[in-house]
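Chemist: just need the structure, nothing else, for what follows:
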Amino acid sequence: MTKEHWIRLNDLLVKNYEVFQQNYKDSNTGTTPKRRRLASRNAGFAVGRAEWYISEHEGCKLLLADYLATKSYGREEFFQPNYFVTDMREFLKIVENTIISVEQRSA
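Modeler: Okay, here's the model as predicted:
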């Protein structure tokens, strides 16, 4: 993947993660049951979008596989909201480091 591809993917993942974070928070602390259900559903959609973004980019799939090799659980757990809330933050840092690495190799 080129630097531009990584940057676009990172932007998509970051924006999607921000949507997830707000909805995940509301799914636990929403003021009404209806609001909590809606937020829970939207958080699930955000996780699904992230899974799709990652699966559509071979380089990112490999990066995720390397990341998960350091964990005691697999891909299915990574994409569950209770793991996703912290693991995606770490994974985004790895993607950012990959962008830096690609920049250094092309310079």
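Chemist: can you give me the helices in the chain?
Modeler: 3-29, 33-55, 58-68, 75-78, 81-106 (DSSP state H).
Chemist: residues contacting the residue most central in space within the chain?
Modeler: In the chain, the residue lying closest to the centroid (C-alpha atoms, centre = their mean) is residue 88, at 4.3 Å. The contact partners of residue 88, taken as C-beta atoms under 8 Å, 6 or more residues apart in numbering, are 13, 17, 20, 50. Glycine gets a C-beta too; all of them are placed from N, C-alpha and C.
Chemist: reformat those as a markdown table; add neighbour count and distance to residue 7.
Modeler: Below are the contacts of residue 88 laid out as a markdown table (neighbours: other C-beta atoms under 10 Å; distance: C-beta to C-beta, whole Å):
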| residue | neighbour count | distance to residue 7 |
| --- | --- | --- |
| 13 | 20 | 11 |
| 17 | 21 | 15 |
| 20 | 22 | 20 |
| 50 | 22 | 17 |
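Chemist: Throw the residues you listed into a markdown table and include distance to residue 81, thanks.
Modeler: What follows is those, written out as a markdown table (distance: C-beta to C-beta, whole Å):
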| residue | distance to residue 81 |
| --- | --- |
| 13 | 16 |
| 17 | 12 |
| 20 | 8 |
| 50 | 11 |
